[in-house]
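> predicted model and sequence follow; I will ask about them next.
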Amino acid sequence: MNRYKQREDSSPIPGAAYIRFSSEMQSDSFSLDAQLRQIKEQAERDGVEIVKVFADPAQSAYRKKYRPGINAMREAARRGEFKVLYVHKVDRLARRLEWSLEIVHELQELDIIFKAVQQPFDLGTPEGKLLFHLVSSLGEFYSDNLSKETNKGKLERSLQGYHNGAVPWGYISVLQGNRKVGVPDPEKAPVVVAMFERYATGQYSDMQIAAWLNEQGYLTAKNRMFNKDSVRDMLCNPYYVGKIRYRGMTVRPKGVSYRSTPPKVSDGQHEPIITQELWDRCQALRASRRVVPKPGQKAARIHLLQSLAVCAHCGRRLRVQTPKNYPTYYREDSHLRGYYDCPYSGQSIHADKLDEQVADLIQSLKLTPTWEEDVRKLLHDEQDRSDPESERKEIRSMLRLMRDNYERGLYEGEEYQYWQKVNSLKEKLDLLTRIPELAIERAALTLLNLHDSWEWATREERKMLVRTMIQEVGCDVGTKRIMWVKVNPDYEILFRLMDRLRPDAERRYWIREQGAEGNIVDIGEEMRQKVTEVKIAFPVSHNTLTSVEEYVQ
């Protein structure tokens, strides 16, 4: 007799299904339908009723540990909404052994049975545990080996003289036989030659060449204006001299730029645009301009808001600059990236001034003695709101419609409006996915110990602590002040309890200062109205936007 049916009453045991496919595999729902059908058939044989279905379409289980569907499943498990969790195979749950073990152990602590339809094993027996470890290890091996084989194929392609991916600016890709080869673009190839010749004179910098290209009306392959980074990449690309460069032979350590990875350079099958002599002159000049650290040189300065500070008016990232013998500052450089709508373009703020303000903000963050009760109340209020699943479906439908219109060219010339709307909808969608209470408890523990941690932390540790809590910091370049912060999801509900912060609909927490009489003054109200009224021309790469695809599934 099936052990699932051994109950005092005749009601079926509540169960749940977790289904997933990765974006590398498919872009439709047939895989999910097939997984769910087999799970329901097995559950019916076991006397289990599937009352919950958790799905992660187009989500990698190799790179993402806690995906939206996994988080929703774990939270429902803590609430006791099901007693059995079904997956099609273990690799649907995770493609790393460590992650599979962690998730399954969490389910076991909640007395929830885990079952893989295509891999029958019983975790209550030594043999079943061994089989579970084996299939989990095989899933991780498959992903590791696939990445290795993919890199090997790309390396072989480059060794044979063929490019991987899109050809550089100045070339067009044409099919010769069964391989694509880059052919010089009759219109753009002379421009590339002129770029290299200008740089070889030693009288032009990358930024000046970018300005020259923009004046001529040229755009990059992504239809953006040129900047010094895009020009630098072109001037350092050996493809223009008939070579193929490949950097994927080794795995880079975390935090190491791909430019620091030693490349493999091979002769290409394509026609060069510039001569070897011109290439050598440009590379020799670039090497002479390169700043080489001297022995005993001071270590790089550590700034708390590096890569976090943005202009509160236009929303673009502020760049950290450290001129020789001058203090470091954050500069608003939209004009260098082809945008001229920010009123503070070209202005700057001393880094020490902003670092002092963020340190003051961090030290003022304190939870009230009743924070646990307040958090429970906020979570309860969220549960009582009108049908979050219906809201999620509506937002995904809007994103899907916008994506289709974008592909039809309806947003041509108005890309900034498209990405601004997409970013706003994605943030609303993220807010509808509740953070597990365990993550909130960990965040609260950080805040409770924050004052002592900050006081004894090194400069580098303080920088890491800021990044643990904060995603983005809005700075008013005009008044040289921090106006608002965006926080990481785990801390979202806790920051609502802070008297000094006032949230708005865009997930920004505006800072309120203490006035001369001890009352709280909202210094951001006037700016908040201005930012709401102004339409901002966001660059496509703003906030490292992920593709719309993963939000419309």
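Ah, there it is. Keep in mind it's a predicted model, so treat the numbers as computed, not measured.

> give me the neighbour count for residue 180.
16 (other C-beta atoms under 10 Å). Yep, even glycine has a C-beta here, placed from its N, CA and C like the rest.

> change the start of the numbering to 35 and stick with it
Done: numbering now begins at 35, and the last item shifts to residue 214.

> can you list phi and psi of it for me?
Here is the backbone geometry of residue 214 (degrees, to the nearest 10): phi -90, psi 140.

> and the helices in the stretch 35-184 of the chain?
Secondary structure of the stretch 35-184 of the chain (DSSP state H, counting those that start in this stretch): helices at 64-80, 102-112, 124-127, 131-143, 160-193.

> quick one: contacts for residue 535?
By C-beta atoms under 8 Å, 6 or more residues apart in numbering, the contact set of residue 535 is 519, 529, 543-546.

> of the helices of the stretch 35-184 of the chain, which stretch is the most buried?
Neighbour counts (mean count of other C-beta atoms under 10 Å) averaged over each of the helices of the stretch 35-184 of the chain peak at helix 124-127, with a mean of 24.

> coming back round to it: so which of the helices of the stretch 35-184 of the chain gets nearest residue 349?
Residue 349 lies closest to helix 102-112 among the helices of the stretch 35-184 of the chain, at 25.3 Å (C-beta to C-beta).

> which neighbouring elements make contact with the closest one?
Under the contact criterion of 3 or more C-beta pairs under 8 Å, 6 or more residues apart in numbering; DSSP states H and E, helix 102-112 touches strand 47-55, strand 82-91, helix 131-143, helix 471-482.

> now the second one: buried residues?
By neighbour count with 16 or more other C-beta atoms under 10 Å, strand 82-91 contains the buried residues 82, 84, 86-91.

> how far away is residue 390 from residue 337?
Applying C-beta to C-beta, to the nearest Å, the value for residue 390 to residue 337 is 12 Å.

> of these two, give the one with the bigger neighbour count.
It is residue 337, of residue 390 and residue 337, that has more neighbours when counted by other C-beta under 10 Å, with 21 against 13.

> which pLDDT value belongs to the more buried one?
pLDDT for residue 337: 79.

> got it, and residue 372?
Looking at residue 372, its pLDDT is 68.

> for residue 265, same thing?
pLDDT, residue 265: 91.

> does it touch residue 244 like I think?
Yes - if you go by C-beta atoms under 8 Å, residue 265 and residue 244 touch, sitting 4.7 Å apart.

> which non-adjacent residue is nearest residue 83?
Nearest non-adjacent residue to residue 83, counting by C-beta to C-beta, 6 or more residues apart in numbering: residue 46, 4.0 Å away.

> you'd agree that neighbour is up against residue 80?
No - because the distance of 9.1 Å does not satisfy C-beta under 8 Å, residue 46 is recorded as not touching residue 80.

> I figured residue 361 was touching residue 384, is that so?
Yes - using C-beta under 8 Å, residue 361 makes contact with residue 384 at a distance of 5.8 Å.

> out of those two, which sits in the busier spot?
A count of neighbours by other C-beta under 10 Å puts residue 384 above the other of residue 361 and residue 384, at 14 against 11.

> not counting its neighbours along the chain, what's nearest the more buried one?
Closest to residue 384 by C-beta to C-beta, 6+ apart is residue 363, at 5.1 Å.

> strands of the stretch 285-434 of the chain, start to end?
With DSSP state E, counting those that start in this stretch applied, the stretch 285-434 of the chain shows strands at 298-301, 343-345, 353-355, 363-365, 382-384, listed in chain order.

> show me where pLDDT drops low in the stretch 285-434 of the chain?
Within the stretch 285-434 of the chain, the set of residues satisfying pLDDT under 70 comprises 285-296, 325-334, 358-359, 371-372, 413-423.

> just the stretch 85-234 of the chain next, same as before
Along the stretch 85-234 of the chain, the model assigns pLDDT under 70 to residues 95-96, 178, 181.

> what sits against the residue nearest to residue 83?
Applying C-beta under 8 Å, 6+ apart to residue 46 gives the contacts 81-83.

> so what pLDDT did it get?
At residue 46, the predicted lDDT confidence score is 84.

> quick one: it from residue 66, how far?
23 Å.

> for residue 384, same thing?
In terms of C-beta to C-beta, residue 384 sits 53 Å off from residue 66.

> for the residue nearest to residue 200 when sequence neighbours are not counted, list the residues it contacts.
Nearest non-adjacent residue to residue 200, counting by C-beta to C-beta, 6+ apart: residue 255, 6.5 Å away. Residues counted as contacts of residue 255 (C-beta under 8 Å, 6+ apart) are 200, 202-203.

> tally of neighbours for residue 395?
Neighbours around residue 395, by other C-beta under 10 Å: 19.

> from residue 515, how far off is it?
From residue 395 to residue 515 the distance is 11 Å (C-beta to C-beta).

> do the same with residue 108
Distance, residue 108 to residue 515, using C-beta to C-beta: 40 Å.

> before we move on, what about residue 317?
Relative to residue 515, residue 317 is positioned 44 Å away (C-beta to C-beta).

> so which of these two has more stuff around it?
More crowded of residue 317 and residue 515, by other C-beta under 10 Å: residue 515, with 19 against 15.

> pretty sure that one contacts residue 391?
Yes - if you go by C-beta under 8 Å, residue 515 and residue 391 touch, sitting 6.7 Å apart.

> and the strands in the stretch 135-284 of the chain?
Using DSSP E, counting those that start in this stretch, the strands of the stretch 135-284 of the chain run over 147-150, 205-210, 213-218, 277-280.

> the first one - contacts with which helices or strands?
With contacts defined as 3+ C-beta pairs under 8 Å, 6+ apart, the packing partners of strand 147-150 are strand 118-121, helix 131-143.

> pipe those into JSON lines and attach distance to residue 378 per row.
Conversion of the helices and strands packed on strand 147-150 to JSON lines gives the following (distance: least, C-beta to C-beta, whole Å):
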{"stretch": "strand 118-121", "distance to residue 378": "52"}
{"stretch": "helix 131-143", "distance to residue 378": "44"}
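
> domains of the chain?
Domain assignment for the chain by automatic domain parsing gives 37-185, 205-323, 397-586.

> OK, contacts around residue 514?
383-384, 387-388.

> ok, the nearest residue to residue 521 once chain neighbours are set aside to residue 434 distance?
Nearest residue to residue 521 in three dimensions, chain neighbours excluded: residue 529, at 5.2 Å (C-beta to C-beta, 6+ apart). Distance, residue 529 to residue 434, by C-beta to C-beta: 32 Å.

> tell me which of these two has more neighbours.
residue 529 (21 against 15).

> that one contacts residue 542, correct?
No - the pair residue 529 / residue 542 is not scored as a contact, 10.6 Å apart, by C-beta under 8 Å.
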